[in-house]
Structures are given as structure tokens and as C-alpha cells.
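Participant: I would like to see how this sequence folds:
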Amino acid sequence: MASKAARIAEVARQIFGTVPNRGVRTGMQYLKKPLTGAYEARYYMEPIEPIARKIQRECSVVPLYLSELQERRQLKLRTLRQRGKGPPKKGSGKRSK
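Facilitator: The predicted model follows:
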């Protein structure tokens, strides 16, 4: 005759559709932990670019908004073009005839 714990495990298996895994890693310790997605989402600020672009479309008085990354790219491109190392104009590349 099976012990009381074994009978409970059997009933739980039938109800929940699980298999008793003794000595097998299932990852349950990670599934039991509380979720942290909302906390991590609050940690990072929302990007300002979409809001600034929306305001620019609605109001023409607001000056053009450029993110730091865009400013850096434009500055780098400007310095490369001054040195003659920038990208060629469209249709005048290496393979054009």
C-alpha cells in the first residue's frame, strides 16, 4: 500500500497534469520568484525622441530636435566630408559607369 505522501502526489499529478520529478532540474525556483519586469521598466526613463517629434509635427515654432546620437553622427559626417572621406553622392560610387 502506498504511503500518504505518495497518494497525495498521485492525486496532484492527476489534477495538475504534472509528473513527479525527483532529482531532476525543472527551473521551478525561477518560476516561483516574483516577476521583476514592471520594476525594471520603471528603472529606465522613457525616450524623449517620440514625444519631441510629435510636438514638432504639431507646432512649427518648436526648433528641430536632434538626439545626442544624431548630433554625434552629423558631426562625424561633417568632419569626414571636410577631409574628403565622406560617402559618395548617390550614383557616383565605385561601380558607376
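
Participant: what residues does stretch 73-83 touch?
Facilitator: L66, G86, P87 (Cβ atoms under 8 Å, 6 or more residues apart in numbering). Any C-beta I mention is one placed from the backbone N, CA and C, and that applies to glycine too.

Participant: so Y39 is in which element?
Facilitator: Taking DSSP states H and E as the criterion, Y39 maps to helix 37-43.

Participant: name the helices or strands packed onto that helix?
Facilitator: With contacts defined as 3 or more Cβ pairs under 8 Å, 6 or more residues apart in numbering; DSSP states H and E, helix 37-43 has no helix or strand neighbours.

Participant: quick one on the thing from earlier: could the contacts of stretch 73-83 go into CSV alongside distance to T26?
Facilitator: Formatted as CSV, the contacts of stretch 73-83 follow (distance: Cβ to Cβ, whole Å):
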residue, distance to T26
L66, 50
G86, 57
P87, 54
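
Participant: filter the residues you listed down to the ones in strands?
Facilitator: Taking DSSP state E, every one of these sits outside strands.
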